[in-house]
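A.B. asks: this is the structure alone, sequence omitted:
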């Protein structure tokens, strides 16, 4: 069912600094995930599957690859007449050298003219760096049924982790009565997923007022949502049931990949009823050599394996050579573990080589190590 009265805007301009070298030259939403995907594939595929025709992707830092990637709307079936994916970099200059969006609300404010050109009744705002599947048409139906001015998707998190999130406190009907940004002592465990539906005309007025406010952070969580609550607007929570991962750290990116090794994983990338679309890279099929030993692994096309792989995820064109050992690790596209090398609990970045007979990572480490530069081994 087409949702022609709702336009989507994906916020994809964050720096992603906690992913270290993975986002040094590539925007966080363009980081590889799950063998052959990029993180941005998930919100874009969700839009396509939900019947949303027009999607704006708001880019900013290290966006060259991301811009060219999302501009090919055909990957998600968003290249037909009256549909499309639009790349929207910042328009204003914060200083002489850098174009920026000053906050999440400012990112939308700078694109009011773009949104107005489609005359939507509702605006869907999404984060571009989360991994999940969601039918936004069901969230819109909930929004309408509640008579909401704004609906915020929430997910239940362990109470001990709730202080990491924006927390929504609701009454019995699901109406939001209080919002706390990363509270030290959270009153509930309903964490905001960074997914919002607004009535566009109302939000437009709020954004225009926010632009003129010199004390504003120009942010949805810090300014727009509190303003709506204070003025008595109807804000409702939409409880999401399913897999959702904020891959903001090396550990969480590793965990999200490891989740794919569970044959009953809730994400299920093989589900034909809700496909996650991505770039179709032309590579040969994977090759398993005569010396290979593989236990519980996720292997993508183009891989060459002639060593031992255990409890690991291998992306397109990754190689594990004879006598090499890869355990509890993620090998990104083109990563190579050469003969005799041993790898434990690491993410090896795109195209990085681990040299012959070298050892990286620690099977007993608490955190995951990122290998982003060539590791020299025996010559």
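C.D. replies: Arrived safely, thanks for sending. Here the structure is a predicted model, which is why all the values come from computation and not from measurement. Numbering: from 1, shown residues only.
A.B. asks: residue 201: how many residues sit nearby?
C.D. replies: 11 (other Cβ atoms under 10 Å). For glycine as for every other residue, the C-beta is placed from the backbone atoms N, C-alpha and C.
A.B. asks: so what pLDDT did it get?
C.D. replies: Residue 201 carries a pLDDT value of 97.
A.B. asks: can you give me the helices in the stretch 51-200 of the chain?
C.D. replies: Secondary structure of the stretch 51-200 of the chain (DSSP state H, counting those that start in this stretch): helices at 64-70, 104-109, 112-116, 136-146, 200-211.
A.B. asks: if you compare those, which one is most tucked away?
C.D. replies: helix 104-109 (a mean of 25; mean count of other Cβ atoms under 10 Å).
A.B. asks: can you list the low-confidence ranges for the stretch 101-250 of the chain?
C.D. replies: By pLDDT under 70, the stretch 101-250 of the chain has no low-scoring segment.
A.B. asks: centre-most residue in the chain?
C.D. replies: Residue closest to the average C-alpha location in the chain (Cα atoms, centre = their mean): residue 129, at 2.2 Å.
A.B. asks: surely that residue touches residue 38?
C.D. replies: No - judged on Cβ atoms under 8 Å, residue 129 makes no contact with residue 38 at a distance of 10.4 Å.
A.B. asks: hey, what's in contact with both of these two?
C.D. replies: Jointly contacting residue 129 and residue 38 under the rule Cβ atoms under 8 Å, 6 or more residues apart in numbering are residue 29.
A.B. asks: what would the helices of the stretch 51-200 of the chain look like in JSON lines with distance to residue 315?
C.D. replies: Formatted as JSON lines, the helices of the stretch 51-200 of the chain follow (distance: least, Cβ to Cβ, whole Å):
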{"stretch": "helix 64-70", "distance to residue 315": "16"}
{"stretch": "helix 104-109", "distance to residue 315": "30"}
{"stretch": "helix 112-116", "distance to residue 315": "34"}
{"stretch": "helix 136-146", "distance to residue 315": "28"}
{"stretch": "helix 200-211", "distance to residue 315": "39"}
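A.B. asks: so which of the ones you listed gets nearest residue 370?
C.D. replies: Counting by Cβ to Cβ, residue 370 lies closest to helix 64-70 out of those; the figure is 18.8 Å.
A.B. asks: who are the packing partners of the closest one?
C.D. replies: Counting contacts by 3 or more Cβ pairs under 8 Å, 6 or more residues apart in numbering; DSSP states H and E, helix 64-70 packs against strand 54-59, strand 84-87.
A.B. asks: ok, of the ones you listed, where does mean pLDDT dip lowest?
C.D. replies: Ranked by mean pLDDT, these end with strand 84-87 in last place, scoring a mean of 88.
A.B. asks: apart from its chain neighbours, what residue comes closest to residue 290?
C.D. replies: residue 306 (7.2 Å; Cβ to Cβ, 6 or more residues apart in numbering).
A.B. asks: who's in contact with the one you found?
C.D. replies: Contacts of residue 306 (Cβ under 8 Å, 6+ apart): 288, 289, 290, 291, 292, 320, 321, 322, 324.
A.B. asks: just the buried ones from those?
C.D. replies: Buried members of these, scored by 16 or more other Cβ atoms under 10 Å, are 320, 321, 324.
A.B. asks: from residue 333, how far out is residue 374?
C.D. replies: 16 Å (Cβ to Cβ, to the nearest Å).
A.B. asks: quick one, which of these two is more surrounded?
C.D. replies: Neighbour count, other Cβ under 10 Å: between residue 374 and residue 333, residue 333 has more, with 19 against 13.
A.B. asks: that one: which element?
C.D. replies: If you go by DSSP states H and E, residue 333 is not part of any helix or strand.
A.B. asks: contacting residues around it?
C.D. replies: Per Cβ under 8 Å, 6+ apart, neighbours of residue 333: 32, 315, 316, 317, 318, 350, 351.
A.B. asks: burial count for residue 38?
C.D. replies: Neighbours of residue 38 (other Cβ under 10 Å): 21.
A.B. asks: just to revisit the earlier point, and which of the contacts of residue 333 is nearest to residue 196?
C.D. replies: For these, the nearest to residue 196 is residue 32 (27.3 Å; Cβ to Cβ).
A.B. asks: tell me if I'm right that residue 111 and residue 9 touch.
C.D. replies: Yes - the pair residue 111 / residue 9 is scored as a contact, 7.1 Å apart, by Cβ under 8 Å.
A.B. asks: restricted to strands, list the contacts of residue 306.
C.D. replies: 288, 320 (DSSP state E).
A.B. asks: generate TSV for the contacts of residue 306, with pLDDT and distance to residue 45 as supplementary columns.
C.D. replies: As requested, the contacts of residue 306 are exported to TSV (pLDDT from 0 to 100; distance: Cβ to Cβ, whole Å):
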residue	pLDDT	distance to residue 45
288	96	30
289	95	34
290	96	38
291	95	38
292	96	32
320	98	30
321	98	34
322	97	38
324	98	34
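A.B. asks: between the contacts of residue 306, which is nearest residue 44?
C.D. replies: For the contacts of residue 306, the nearest to residue 44 is residue 320 (31.2 Å; Cβ to Cβ).
A.B. asks: need the contact list for residue 72.
C.D. replies: Residue 72 neighbours (Cβ under 8 Å, 6+ apart): 79, 85, 279.
A.B. asks: look up how far residue 85 lies from it.
C.D. replies: Residue 72 is 8 Å from residue 85, by Cβ to Cβ.
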